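Peer 1: Could you look at this predicted model? Sequence included:
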Amino acid sequence: MKEREEENFVTPGDMLGKALELKPGYGAYFSSHDKAIYASLTGFRSLTPAPPDSDDPRATVEVKVHKAHGPVLEPGVVVTARVMAKMASADIVCIGPKSVREKFTGIIRSCILNLV
């Protein structure tokens, strides 16, 4: 069985395909809300066809982890962060729409929060 790799860069939350056609592999998860498969990692979308003797004809979609550096912080850029309880610090998990690979910690100096 030969793997067919598609050069599509994805980030967490990007839709990888519909569950009727694909099944989730590494770095992917199934959403029962819309019966779709989404990326849980940053990397490249990759498809592996089902083995010929498989009962499930769907290909497996996975995310091959991207080794290069992620986005870089700049003043004024929007970030998504996890705020730690009883502390004035936060772990930044996204810069704009892109997830970060390495851990960034921010210090909250003023209380301007946009809660979503």
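Peer 2: Ah, there it is.
Peer 1: same for the longest strand seen in the chain, what does it pack against?
Peer 2: The longest strand of the chain (DSSP state E) is strand 98-107. Packed against strand 98-107 by the contact rule (3 or more C-beta pairs under 8 Å, 6 or more residues apart in numbering; DSSP states H and E) you find strand 89-95. For glycine as for every other residue, the C-beta is placed from the backbone atoms N, C-alpha and C.
Peer 1: mind redoing it with 10 Å?
Peer 2: The contact analysis (3 or more C-beta pairs under 10 Å, 6 or more residues apart in numbering; DSSP states H and E) places strand 98-107 against strand 79-83, strand 89-95.
Peer 1: Out of the ones you listed, flag the one nearest residue 56.
Peer 2: strand 89-95 (33.2 Å; C-beta to C-beta).
Peer 1: Pull out the buried residues from that closest one.
Peer 2: Neighbour-count burial for strand 89-95 flags 90, 92, 94, 95 (criterion: 16 or more other C-beta atoms under 10 Å).
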